[in-house]
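# sequence first, then the predicted structure:
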Amino acid sequence: MRDDFSRSVGHGALVRPPEGAAPSAIPDVLAGHLRVLFCGINPGRVSAAAAAHFANPRNDFWRLLHAARLTRRLLEPEEQWEALDDGIGVTNAVYRTTPGSSDLRRSDFAGSAERLERFARELHPAWIAFVGKEAYRGAFGERGELGVQERTLGATRLFVLPSTSPANAAVPWDVRLHWFEELARASRPRVRPAVRAILLDRRERVFLHRFVLPDDPGVWVAPGGALDSGEDAEQALRRELREELRLDGVELGPWVWKRRHVWFWPAHNRTYDTRERFAVVRVPDVRAVKPTAHDALFAGADAREEYRWWTVDELERTRDEVAPRSLASALRELLTNGPPTRPIDVGR
């Protein structure tokens with residue numbers, strides 16, 4: 001299984017604001033293994049009122065993201081969480097709201113660098129891109145030129161973009177778009193077709209597994225993985241079931257779900273655009289499912305594999321991370337109403 005181990009987190013920040021910092025009016029849009037985590041300077045009043053990043057209609061941020069093909073479609077600020085499906089997150093160097101960035105004090109940036117370092121260490125984004133030179137200078141106390149920076153945060157690389165604020169209108173659209181396109185090229189993911197099995201037993205329980213590391217509980221996922229060269233989807237899924245579960249000769253049901261997400265795998269130092277298809281596979285006797293340990297090599301030397309059969313009720317109650325995030329509701333819909341006429345998108 002040359003696969004993503006989907007150790008992504010759900011909505012919301014894992015890291016608290018620095019001691020004594022004012023809470024942000026805008027939630028951080030975060031997940032693990034992002035393609036790019038964008039860092040603005042601080043919330044303006046329009047964004048604070050909307051509880052959404054870059055909400056001023058004159059701010060070009062969301063338009064530039066789409067024009068540079070960093071998002072599949074043009075997102076409105078209130079749709080900011082959907083950027084996670086494209087491997088895009090958003091935070092700010094300073095949490096305090098001000099009428100303009102010129103109203104910030106040096107003390108407002110206290111703890112900013114440390115917080116970004118923690119994001120890099122715990123969430124492993126491939127890039128952190130600063131939207132404006134002042135966001136970078138405020139965080140690190142040094143000037144940064146546009147483009148790739150020499151400074152890194154562990155494996156996370158840093159990039160400085162022009163500000164997208166209407167206050168930076170002297171910088172024309174074409175110049176700003178150029179730098180967003182440079183970032184898109186530097187962070188471009190590799191397309192990765194993949195397949196997974198919705199493996200169900202007689203009690204309508206679904207089989208999931210995860211890899212647990214000392215500092216990472218992992219995410220429960222359905223068995224499957226990437227297509228090998230020359231394989232079609234059915235061949236790949238049958239191979240994965242043999243390799244992972246010693247399960248052979250099963251009947252593959254309909255392809256019912258699809259999922260696309262962009263994520264960074266530090267072990268490979270590469271960003272992937274994974275495009276998955278899910279097929280129903282029913283197993284009359286759970287004793288036929290015999291998980292193997294060969295995938296621990298891909299997860300890491302310290303990884304421990306766990307697996308279990310889940311009911312929908314258990315999935316709805318669990319606090320563990322599962323992928324896709326909509327797994328419980330999508331599975332309940334499938335079991336209640338049967339297969340859809342065409343695969344439905346179940347999101348990240």
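Okay, I see it.

# buried set for stretch 275-290?
Neighbour-count burial for stretch 275-290, counted by 16 or more other CB atoms under 10 Å, picks out 275-281, 283, 289. For every residue, glycine as well, the C-beta is placed using N, CA and C.

# stretch 178-198 now?
179-180, 182-184, 186-187, 189, 192, 194-198.

# of those, which belong to strands?
192, 194-198 (DSSP state E).

# what's the closest of these to Glu244?
Each of those was scored against Glu244 by CB to CB, and Ala197 proved nearest at 9.1 Å.

# tell me the bridge partners for the closest one.
Beta-bridge partners of Ala197, counted by DSSP bridges, are Ala279.

# distance-wise, check it relative to Leu247.
9 Å (CB to CB, to the nearest Å).

# again, but for Gly87
Taking CB to CB, one finds Gly87 at 32 Å from Leu247.

# hang on, Gly138 in a helix?
Yes. Counting by DSSP: H, G, I helix; E, B strand; the rest coil, Gly138 falls inside a helix.

# do I have it right that it meets Ile41?
Yes. Applying CB atoms under 8 Å, one finds Gly138 in contact with Ile41, separated by 6.6 Å.

# the more surrounded of these two?
Neighbour tally, Gly138 and Ile41, criterion other CB atoms under 10 Å: the higher count belongs to Ile41, 27 against 22.

# which stretches in the stretch 151-300 of the chain count as helices?
Listed in chain order, the helices of the stretch 151-300 of the chain (DSSP state H, counting those that start in this stretch) span 173-186, 233-245, 296-299.

# Asn56 is nearest to which of the ones you listed?
That would be, of the helices of the stretch 151-300 of the chain and by CB to CB, helix 173-186, which comes in at 15.0 Å.

# burial count for the closest residue to Asp228 other than its chain neighbours?
Distances taken as CB to CB, 6 or more residues apart in numbering place Ala236 nearest to Asp228, at 6.6 Å, with adjacent residues excluded. Neighbourhood size, Ala236 [other CB under 10 Å]: 20.

# who has more neighbours, Gly87 and Leu247?
Set side by side, Gly87 and Leu247 show more neighbours around Gly87, with 29 against 21, by other CB under 10 Å.

# look up how far Thr71 lies from that one.
Distance of Gly87 to Thr71, computed by CB to CB: 10 Å.

# same question for Asn42.
Distance, Asn42 to Thr71, using CB to CB: 23 Å.

# and Gly253, by the same measure?
Using CB to CB, Gly253 is found at 33 Å from Thr71.

# same check, this time on Arg151
26 Å.

# and the strands in the stretch 101-250 of the chain?
Assignment of strands within the stretch 101-250 of the chain using DSSP state E, counting those that start in this stretch yields the ranges 127-131, 147-153, 156-161, 190-200, 206-212, 224-226.

# tell me the most buried of these?
strand 127-131 (a mean of 25; mean count of other CB atoms under 10 Å).

# list the contacts of that one.
Under the contact criterion CB atoms under 8 Å, 6 or more residues apart in numbering, strand 127-131 has outside partners 35-41, 54, 61, 93, 116, 119-120, 136, 139, 144, 153, 156-161, 163-164, 183, 186-187.

# if you set the cut-off to 7 Å instead, what comes out?
36-40, 61, 116, 120, 136, 153, 156-161, 163-164, 183, 187 (CB atoms under 7 Å, 6 or more residues apart in numbering).

# likewise for stretch 302-319?
By CB under 7 Å, 6+ apart, stretch 302-319 touches 201, 205-214, 286, 291, 293, 295-296, 322, 327-328, 331-332, 335.
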